[in-house]
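Colleague: Take a look and give me a structure for this.
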Amino acid sequence: MKLAVFLALMTLLALTACGADGPPARPSAGVGVGIGTGGVSAGGGVGLSNGTVSVGIGL
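Modeller: Sure thing, here's the model as predicted:
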């Protein structure tokens with residue numbers, strides 16, 4: 001009985017972690033190059049969104 005409950009919880013955790021119960025997470029990326037009086041600059045960023053929550057990092 002304890003093993004069955006443990007396996008059921010692990011299965012639920014695995015399904016939740018992979019997005020099977022909701023929309024999948026969508027990755028995004030962007031790069032840019034700029035030219036100005038200070039010279040050439042480059043930048044970029046990566047992000048992840050699941051429709052409700054978005055997380056991103058810009059470089």
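Colleague: Which of the helices and strands in this protein ranks last by mean pLDDT?
Modeller: Ranking every helix and strand in the chain by mean pLDDT, DSSP states H and E puts helix 2-17 at the bottom, with a mean of 70.
Colleague: Heading C-terminal from it, find the next helix or strand.
Modeller: Next helix or strand after helix 2-17 toward the C-terminus (DSSP states H and E): strand 26-36.
Colleague: quick one, what contacts the residue nearest the centre of the chain?
Modeller: Residue closest to the mean C-alpha point of the chain, counted by CA atoms, centre = their mean, is L48 at 3.1 Å. Neighbour list for L48: A25, R26, P27, S28, S54, V55, G56 [criterion: CB atoms under 8 Å, 6 or more residues apart in numbering]. To be clear about C-beta, it is placed using only N, CA and C from the backbone, and glycine gets the same treatment.
Colleague: Would you mind naming the helix or strand containing G47?
Modeller: Going by DSSP H and E, G47 is in strand 39-49.
Colleague: Which strands and helices lie in contact with the next helix or strand after that strand?
Modeller: Sequence order places strand 54-58 as the next helix or strand after strand 39-49, per DSSP H and E. If contacts are counted by 3 or more CB pairs under 8 Å, 6 or more residues apart in numbering; DSSP states H and E, strand 54-58 sits against strand 39-49.
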